[in-house]
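1. please find the sequence and the predicted model below.
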Amino acid sequence: MQITEIFFSIQGEGIHTGLPSIFIRTTGCNLRCTYCDTTYAYQNGKEMSMNQIVSEIEKYHCNYICITGGEPLLQHETFQLINILQEKEYQISLETNGSKPIPLHINRKNLMISMDLKLPSSQMHEHMILENIEKLSENDQLKCVIQNNEDYLYAKKMVKNFLPKCHIIFQPVWGSDMEKLAEWILNDQLSVRVGVQLHKLLWGEKTQR
């Protein structure tokens, strides 16, 4: 399996914000979002066996694991890794950009799917498989990374059209106007969370301390 890095840090996004977590960052992504902050994961990862990955994560006394990227669903071994982690009773978050099909019959034990809904400012919104939204359960989350009002209106429309059962997070692109986003949400009385990138508030552009 191609892995860019494995590290221990604070979860900075979504409903698990603030939890110490082990991050497994896979290599390779099929999208090129304008605001991407992990372009180093596009290529040049290290080939690691399942045993090597497990050995690395067992260095940390932590039960929360985030499989991120890149795009983890580009690698078929991702599901083998998830099964191994489930057997070891880890709590797992699988992050996906929404452009690859989410399998209907994936083992959901201790697994939260965290899907990004790409919006117009990313210039990747036309690559979304919108039917993936319907596969998200009440234990999953849908993240909408918002840069401007066009993004906000697009995300609001998608939420209205699909009525996701999962947690919904509206998160500003780093450096954009968080206060304005909060105003839009309050004015429209949307039942969504305002997200922040806690790790960037703590350490700036670094993903770990």
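-> Perfect, I can see it now. Numbering: from 1, shown residues only.

2. just the buried positions in stretch 63-75, please.
-> Judged by neighbour count using 16 or more other C-beta atoms under 10 Å, the buried positions of stretch 63-75 are Tyr64, Ile65, Cys66, Ile67, Thr68, Gly69, Gly70, Glu71, Pro72, Leu73, Leu74, Gln75. Every residue, glycine included, has its C-beta placed from N, CA and C.

3. in this structure, where is pLDDT below threshold?
-> Scanning the chain for pLDDT under 70 picks out 206-209.

4. quick one: the strands in it?
-> With strands called from DSSP state E, the chain shows them at 2-10, 20-26, 46-47, 64-68, 91-96, 111-116, 141-146, 167-172, 193-194.

5. the residue lying farthest from the centre of the chain and Gln86: what is the separation?
-> Distance to the chain centre peaks in the chain at Asn187, reaching 27.0 Å (criterion: C-alpha atoms, centre = their mean). Per C-beta to C-beta, to the nearest Å, Asn187 is found 42 Å from Gln86.

6. ok, now Phe170?
-> 30 Å.

7. who has more neighbours, the two?
-> Between Phe170 and Gln86, Phe170 has the larger neighbour count (other C-beta atoms under 10 Å), namely 24 against 16.

8. OK, contacts around the more buried one?
-> Residues in contact with Phe170 (C-beta atoms under 8 Å, 6 or more residues apart in numbering) are Cys144, Ile146, Tyr152, Ala155, Leu181, Ile185, Leu190, Val192, Arg193, Val194, Gly195.

9. quick one: buried residues of the longest helix seen in the chain?
-> Longest helix of the chain, by residue count under DSSP state H: helix 149-162. Across helix 149-162, burial judged by 16+ other C-beta under 10 Å covers Asp151, Tyr152, Tyr154, Ala155, Lys156, Met158, Val159, Phe162.

10. quick one: that helix to chain centroid distance?
-> Computed by C-alpha atoms, centre = their mean, to the nearest Å, the chain-centroid distance of helix 149-162 equals 19 Å.

11. if we look at it, which residues are touching it?
-> Against helix 149-162 from outside (C-beta under 8 Å, 6+ apart): 117, 119-121, 125, 130, 133-134, 144-146, 168, 170, 181, 184, 188, 190, 192.

12. now swap in stretch 83-98 and tell me
-> In contact with stretch 83-98 (C-beta under 8 Å, 6+ apart) are residues 11, 14, 16, 21, 29-31, 33, 50, 54, 63-69, 71-73, 78, 82, 102, 107, 109-118, 124, 128-129, 132-133.
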